[in-house]
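**Q** Quick one: sequence plus predicted model below, questions after.
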Amino acid sequence: MVDQAKPKFGYWDIRGLAANIRYQLAYCGVEYEQVNYSCGAGPEFDKTCWTDVKPNLGMDFPNLPYFIDGDFKLTETSAIHSTSAAKWDKTLLGSTPEEVARLAMIANVVFDLKMSITRPQYMSGDREEIKKIVEAKLPPIMKFRGEHKFLTGDSPAWIDFLFFELVENLEFVSEGKLLAEHPKVKEYHSNVASLPKLAEYIASGAEKKLPFNNKMAKLGATA
């Protein structure tokens, strides 16, 4: 029997890899229960709040973020994005084999950029290092977008929620310079931020109250 309770979405009490999923759930009008985990202060950064329950959740690959919808339990960011789209808004998956393929391709590219800019925020906190990565990897993504409103066309896809949060993070890292220096990125950011229901969620300020990264990060560890 399927549990009719609200789905549960679990992650650290940061933006990290969760804000993008929350954007999509807001856009789709999905009500859910947020389950937050908070690591301890440094230098230990104790994570037992998560590691103690991790083996007991009945997941195939226990990890954060996770999504529990009735008896169905899922981890991995892209899987949560695509499965949520399949259930609540299939248009976010693309409508033709070509669109689906382009979405899969750009998703891998965006995830690569996401990981590339996140690592220095935890390890060195070097904004110049991140700037060099962005200068190399952002232009091809914007070229791929072309004159479309969103990354894969004129209708949003699930990867837009992740790329939007990536742009938000880069605006923070660049100390407010990214959007001013990249008009096409600013235009894209505005297109996503204006989406129905998502605009309301952004206006609530829920994500602004959270840091981008966890407590051990050298950059973005405080809101």
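**A** Alright, I've got the coordinates.
**Q** Which parts of the protein are strands?
**A** Remark: strands assigned in the chain by DSSP state E are 8-12, 33-37, 66-69, 72-75.
**Q** so which of those comes closest to Glu135?
**A** strand 8-12 (29.3 Å; Cβ to Cβ). For the C-beta atoms, the positions are set from N, CA and C on the backbone; glycine is no exception.
**Q** quick one: that closest one to strand 33-37, angle?
**A** 20 degrees (axes from the mean of the first three to the mean of the last three Cα atoms, to 10 degrees).
**Q** Show me what stretch 70-80 is in contact with.
**A** 2-5, 7, 17, 20-21, 57-68, 83, 107, 111, 162 (Cβ atoms under 8 Å, 6 or more residues apart in numbering).
**Q** err, stretch 136-149, not the other one
**A** 106, 109-110, 112-113, 116, 151, 154-155, 163, 170, 182, 184-185, 188, 191.
**Q** Return a PyMOL selection command for the buried portion of the contacts of stretch 70-80.
**A** A single PyMOL command selects the buried members of those (16 or more other Cβ atoms under 10 Å):
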select buried, resi 7+17+20+21+62+63+64+65+66+67+68+83+107+111+162
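**Q** Among the contacts of stretch 70-80, which lie within helices?
**A** Those of these mapping onto helices are 20-21, 83, 107, 111, 162, per DSSP state H.
**Q** from the residues you listed, which two are the most distant?
**A** Going by Cβ to Cβ, the pair spanning the ones in helices among the contacts of stretch 70-80 furthest: Thr83 and Phe111, at 16.4 Å.
**Q** Okay, Tyr66 and Lys54: tell me how far apart.
**A** 10 Å (Cβ to Cβ, to the nearest Å).
**Q** Sorry, slip of the keys, the one I care about is Glu207.
**A** Taking Cβ to Cβ, one finds Glu207 at 25 Å from Lys54.
**Q** Give the closest residue to Met123 in space, chain neighbours not counted.
**A** Lys218 (6.8 Å; Cβ to Cβ, 6 or more residues apart in numbering).
**Q** Done for today, thanks.
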